[in-house]
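Trainee: Provide a 3D model corresponding to the input given below.
(one chain, ligands or ions: 2)
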Amino acid sequence: MLTLILFSVNLLFLSGAVLFTYESLREKEPRAPKVGLAGVLFHLILGGFILAVPSVRPVAAVFFGVALFILLLFLVPSVANPRALKGASGCAVGPVSRFDERDIVFARNRSLPPGSEPYRQYYEGHPEKEAYDARRRERGGPIGRPGAIDGGHPPNVSMILSSFALPAFLASQARVTPDPAKPPVALPPEKAAQIVKGFASHLGAALVGICRVNPLWAYSHRGEIFYGNWEDWGKEIEEPLPFAVVIATEMDLENVGAGPHTPALVESSANYALGAYVTTILAQWFGGLGYRAVAQHNRHYDLLLVPLAIEAGLGELGRHGYLVADQLGPRVRLFAVTTDMPLATDNPIDKGIEAFCRFCKKCATACPSHSIPLRGMTVQNGLERWKLNEETCFDYWGKIGTDCSVCMGICPFSRPNRTVHRIVKWLLPRSYLAQRLLPHLDNWVYGQKWKPKAVAPWVDYSS
Ligand code: SF4
Ligand code: SF4
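Mentor: Numbers count the residues shown, from 1 in each chain. Ligands and ions are numbered 1, 2, ... in the order given. Sure thing, here's the model as predicted:
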């Protein structure tokens, strides 16, 4: 009887090891299949010994007893994270002031032509940034010379530039004002939310959530100039519209996995094009129903999208400062449409991601520019969080000519939703032990070093 029980339990463990090996091979993981294979061999040999050597059975019984006890400990429930459940406002530990779009790296580099009046005004107030920004401008801005890391691989660079052309083309259409002669179409907020979510998904959004807009996440002053609208530079941005439909588009795992090489930027630029397309259509849809709407995409932002996505229940904030989305991890690009049409809203979620990030640190270890904090959270502008050093991160982008994406590719939450990862994601928000043990186990099984993965021939840069 003991032999049968031991053999069956061993078979269960063996099946788990086989499944894990198979899935990590499909994911082209460099280290995990070897660990899985070692597990398969161990359980094959153990199974043989259980059948053939009676003296091994008591040892095997103790081994499985300990293993099952540890598995039972995973059932100890975790405590809910009140920060996560409050949304982005959960990070606020003091007064928070609105961010000024003129201060962001992209606005400083793109929208302050040397010799212009905005240039003079801005650096008069921020002299410490002038020499630094000038150096970055000389290199070609935050993305530098596109594709430099791959010798400027022309097919990929042309894909990047052609994708970025679409948001630029749509920038002037982002703000929709309805015909004042037409009364707005009244819909129950639940019905309106259902329709807009369905339409957004149909157009290409992978995740859609809705929140009320907290004005704290709106920029205070305009800093990005995209279509010659220089009269807007430095203007106070008006109070945002009260509702936001926040969408996330899914980035292809294989292309993100090639970061910091050009396929990563091919992927993000294509997502920026998709996001501009979806949000422009949605904004026009709201306009057609008689409501005001603003598409928030790569060439027109009034708000910070990560806090908005957290409030709309799309995910939690990760150590690397990006959204870690439910199911897709950081492998997303975010967009939104703000509107005054009343919509039913969603709630922030707690998926155990912040707890996992405390122990994981994989992105911080792998970041080539050491821009992600390895230690605890810090407080800036009244917000307590892990604060990415954007300046050093963008400096690295400027050197390599892509948007890097190593921190996205290496994040355990970016992995596809196959059985093993689905079990882990189910367990995390529920189990105290899972939140503490699995980050270490993940680092051991998958490793902490980053190695770009192979890509499909159409985007292969190696030639
Ligand atoms: S890599 Fe680890 S620490 Fe970084 S965001 Fe992902 S889970 Fe958090
Ligand atoms: S994009 Fe690259 S350089 Fe920037 S934080 Fe992520 S890993 Fe670091």
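
Trainee: Need the residues that contact stretch 194-213.
Mentor: 87, 187, 193, 240-250, 274, 277-278, 281-282, 285, 303, 308-309, 311-314, 325-328, 332, 338, 343-346 (Cβ atoms under 8 Å, 6 or more residues apart in numbering). Bear in mind the C-beta positions are built from the backbone N, C-alpha and C, glycine included.

Trainee: Going through those residues, which ones are buried?
Mentor: 87, 187, 193, 240-241, 243-250, 274, 277-278, 281-282, 285, 303, 308-309, 311-314, 325-328, 332, 338, 343, 345-346 (16 or more other Cβ atoms under 10 Å).

Trainee: Please list the residues of this protein that sit near ligand 1.
Mentor: When proximity is defined by Cβ under 6 Å from any ligand atom, the chain lies next to ligand 1 at 318-320, 324, 356-357, 360-363, 410-413.

Trainee: go with 5 Å
Mentor: Contacts of the chain with ligand 1, taken as Cβ under 5 Å from any ligand atom, map to 318, 319, 320, 357, 360, 362, 363, 411.

Trainee: Can you tell me which of those end up in strands?
Mentor: Among the residues of the chain next to ligand 1, no member falls in strands (criterion: DSSP state E).

Trainee: Looking at those residues, spot the one nearest residue 109.
Mentor: Nearest to residue 109 among those, counting by Cβ to Cβ, is residue 320 at 21.7 Å.

Trainee: quick one: that closest one and residue 330 touch, right?
Mentor: Yes: between residue 320 and residue 330 there is a contact under Cβ atoms under 8 Å: 6.8 Å.

Trainee: intersection of neighbour lists for the two?
Mentor: Here residue 320 and residue 330 have 407, 408, 411 as joint contacts, going by Cβ under 8 Å, 6+ apart.

Trainee: Next one: the last one from residue 318, what distance?
Mentor: For residue 411, the distance to residue 318 under the criterion Cβ to Cβ, to the nearest Å works out to 7 Å.

Trainee: Need the residues touching each of those two.
Mentor: 324, 330, 363.

Trainee: okay, the last one: pLDDT?
Mentor: For residue 363, the pLDDT comes out at 97.

Trainee: show me the contacts for it.
Mentor: Applying Cβ under 8 Å, 6+ apart, the residues near residue 363 are 318, 319, 320, 372, 406, 407, 410, 411.

Trainee: Can I get these in CSV including pLDDT and neighbour count?
Mentor: Listed next are these as CSV, based on pLDDT from 0 to 100; neighbours: other Cβ atoms under 10 Å:
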residue, pLDDT, neighbour count
318, 97, 27
319, 98, 25
320, 96, 25
372, 98, 25
406, 98, 22
407, 98, 26
410, 97, 25
411, 97, 25
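
Trainee: Buried ones in stretch 46-62, by neighbour count?
Mentor: 46, 47, 49, 50, 56, 57, 60.

Trainee: which one of the residues you listed is nearest ligand 1?
Mentor: residue 46 (32.4 Å; Cβ to the nearest ligand atom).

Trainee: tell me the contacts of the closest one?
Mentor: 10, 56, 60.

Trainee: tell me how far the helix or strand harbouring it is from the chain's mean position?
Mentor: Element membership for residue 46, per DSSP states H and E: helix 32-52. A distance of 37 Å separates the C-alpha centroid of helix 32-52 from that of its chain, computed with Cα atoms, centre = their mean, to the nearest Å.

Trainee: Confirm that residue 134 sits in a helix.
Mentor: Yes: judged by DSSP: H, G, I helix; E, B strand; the rest coil, residue 134 forms part of a helix.

Trainee: Not counting sequence-adjacent ones, nearest residue to it?
Mentor: Among residues not flanking residue 134 along the chain, residue 114 sits closest, at 7.6 Å (Cβ to Cβ, 6 or more residues apart in numbering).

Trainee: Which strands or helices does the biggest helix by length in the chain pack on?
Mentor: Looking across the chain with DSSP state H, the single longest helix is helix 262-288. When contacts are defined as 3 or more Cβ pairs under 8 Å, 6 or more residues apart in numbering; DSSP states H and E, helix 262-288 packs onto helix 154-170, strand 175-176, helix 189-203, strand 243-250, helix 253-256, strand 293-296, strand 332-339.
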